[in-house]
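J.: 3D model of this:
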Amino acid sequence: MKLTRVNDQVHVVTGTNVNWALVSDGSALTLVDAGYPNDSGALLESITAIGHRPEDVTAILLTHAHLDHMGGVPAMTGRYGTPVMTGAEEARHARREYLEQITPAQMLRQCTRPAGLRWVAATVRAVGPANVKMALDEVVAVEPNTPLDVPGGLVAVPTPGHTRGHTAYLMPSTGVLFSGDTLVTGHPLSRLGTGAQRLPEVFNESEDGVTEAIESLRGLPADVLVPGHGEPVRAPVATLVDRALNR
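T.: Numbers count the residues shown, from 1 in each chain. So this is what the prediction gives:
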């Protein structure tokens, strides 16, 4: 686990090749994404590492319902009853009314490169015995483009493409954009190294959708990017959009 302080209210935590974020507002927290199932221990540890308790988390916001972003949710909902929220379409995905996710066959094809083999091995360990089709029974659909009643007052920004209901979150008070997997700054399978970029095509439901989603971020009042994969970065979001679309 790697813990990075972004500002007084935002911390980013890196688990198994994936990030989640903790947004503090007084004594309360919002959790943005939740890592893999076997990141659950690190998730709980990260909350205490910033001086809070798991029960201080009053909302979990999912950018999307891939297993590396929602795997730790049961550790929070099962014991603490923490509500889970995401966009209306992604709520259907989280309930597993349908599944958009890399397949086992697609994962095996990544093993032709050393980097891919390492990523697959780490992913298998991070998933563990969990059901890869894990469904969330209770998910609240949030209204887009309006401040949510959660610590930090985050705003849901629809960014379909990586999944059809993918949702980013903007924190207007601090200019932080939680971009999920729409706009990242690195990934073990990336051939682009680090810096603003899209994820490799194998992960995306719609490449055209990802392009449109990245472009849609251009006008947001944000100068700090907290991605789902890679390091957080400080730069105007329009600059990061240009970098990602021109690579």
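
J.: okay, now the unreliable bits of the protein?
T.: In the predicted model, the chain carries pLDDT under 70 at residues 130-133.

J.: need the helices for it, in chain order.
T.: 40-49, 67-70, 73-80, 88-94, 104-109, 114-127, 207-216, 237-245 (DSSP state H).

J.: buried deepest among these, which one?
T.: Greatest average neighbour count among those goes to helix 67-70 (a mean of 26), per mean count of other C-beta atoms under 10 Å. Just so you know, the C-beta spots here come from the backbone N, C-alpha and C atoms, and that holds for glycine as well.

J.: coming back round to it: dump the helices of the chain into CSV; add distance to residue 155 as well.
T.: Below are the helices of the chain laid out as CSV (distance: least, C-beta to C-beta, whole Å):
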stretch, distance to residue 155
helix 40-49, 23
helix 67-70, 19
helix 73-80, 21
helix 88-94, 15
helix 104-109, 33
helix 114-127, 30
helix 207-216, 13
helix 237-245, 14
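
J.: mind checking which of these is nearest residue 226?
T.: helix 237-245 (11.3 Å; C-beta to C-beta).

J.: tell me what that closest one is packed against?
T.: helix 207-216 (3 or more C-beta pairs under 8 Å, 6 or more residues apart in numbering; DSSP states H and E).

J.: for the helix it packs on, packing partners?
T.: So helix 207-216, by 3+ C-beta pairs under 8 Å, 6+ apart, packs with helix 237-245.

J.: re the thing from before, what's the closest of the helices of the chain to residue 32?
T.: helix 67-70 (9.2 Å).

J.: and the closest one, what other elements does it pack with?
T.: helix 114-127.

J.: relative to residue 84, how far out is residue 234?
T.: 29 Å (C-beta to C-beta, to the nearest Å).

J.: what about these two, which has more around it?
T.: residue 84 (23 against 11; other C-beta atoms under 10 Å).

J.: now do the contacts for the more buried one.
T.: 60, 62, 70, 73, 77, 94, 136, 138, 139, 140 (C-beta atoms under 8 Å, 6 or more residues apart in numbering).
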